[in-house]
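Chemist: for reference, the sequence and a predicted model appear below.
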Amino acid sequence: MADSRKKSPLPVAAIAPRSERLDTHVLEAFVGYNARRAWLTVTAVFAERMAVYGLKQADFSVLSLLAHNPGATSRQLCATLDILPPNLVSLIAAMDGRGLIERRPHPHDGRAVGLHLTPAGEALVRDAERTVVELEADASARLTPRERETLIRLLKKVYQ
């Protein structure tokens, strides 16, 4: 029985060799495109170096915020990181399961629960923050310190 599907006469690589660069000047004029390309570069390095800690970007952000804001509530974390509450619930549950955080009654709001790092969480975030400082320096090595500060300031203007 004959195969009724049509087959491409040439593989895609034969049609457009990878060595040919496409004209990206239109895309490169967009903030979103450039921010995304930079994000992809930093994210790849982040994922590689944070794997040893078992942390993703959201995990690291929550732990770092709790390290510098002990007793923060889930509501505060959601607002600060723009995370939906259901997503944060599972993230917090996973961290609790790893013994990195603990819940305590909030000192001013009897309905709220404050989140705190355990000693294991404190040790992990201390090492992870040191690694993130190094990976950020490596990922932005083409920038001078002043350019890096300017880039961060300008990116903040976009989202704040």
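Modeler: That came in fine, so what should we check first?

Chemist: and the host helix or strand of residue 158, how far out from the chain middle?
Modeler: Secondary structure from DSSP states H and E places residue 158 in helix 145-159. Distance of helix 145-159 from its chain centroid, counting by C-alpha atoms, centre = their mean, to the nearest Å, is 17 Å.

Chemist: neighbours of residue 136, how many?
Modeler: Applying other C-beta atoms under 10 Å, we find 15 residues neighbouring residue 136. (Each C-beta comes from the backbone N, C-alpha and C, glycine too.)

Chemist: pretty sure it is touching residue 38, no?
Modeler: No. At 11.6 Å, residue 136 does not count as touching residue 38 under the criterion of C-beta atoms under 8 Å.

Chemist: I'd like the average pLDDT over the helix holding residue 158.
Modeler: On average, the pLDDT along helix 145-159 is 94.

Chemist: list the contacts of the residue nearest the centre of the chain.
Modeler: Nearest to the mean C-alpha position of the chain, by C-alpha atoms, centre = their mean, lies residue 57 at 3.2 Å. By C-beta atoms under 8 Å, 6 or more residues apart in numbering, residue 57 lies in contact with 43, 46, 50.

Chemist: at 7 Å what do you get?
Modeler: For residue 57, the contacting residues are residue 46, by C-beta atoms under 7 Å, 6 or more residues apart in numbering.

Chemist: quick one: contacts of the helix holding residue 158?
Modeler: Applying C-beta under 7 Å, 6+ apart, the external contacts of helix 145-159 come out as 31, 140, 143.

Chemist: got a quick PyMOL command for the buried subset of those?
Modeler: This is the PyMOL syntax for the buried subset of those, where burial follows 16 or more other C-beta atoms under 10 Å:
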select buried, resi 140
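
Chemist: among the contacts of helix 145-159, name the ones in helices.
Modeler: residue 31 (DSSP state H).

Chemist: and of the contacts of helix 145-159, the nearest to residue 62?
Modeler: residue 140 (23.3 Å; C-beta to C-beta).

Chemist: give the buried residues for the host helix or strand of residue 135.
Modeler: Element membership of residue 135, judged by DSSP H and E, is helix 119-139. For helix 119-139, the neighbour count (16+ other C-beta under 10 Å) marks 121, 122, 124, 125, 128, 131, 132, 135, 139 as buried.

Chemist: output the below-cut-off pLDDT ranges for this protein.
Modeler: In the predicted model of the chain, residues 1-19 satisfy pLDDT under 70.

Chemist: let's go with 80 and repeat that
Modeler: For the chain, residues meeting the criterion pLDDT under 80 lie at 1-19, 107-110.
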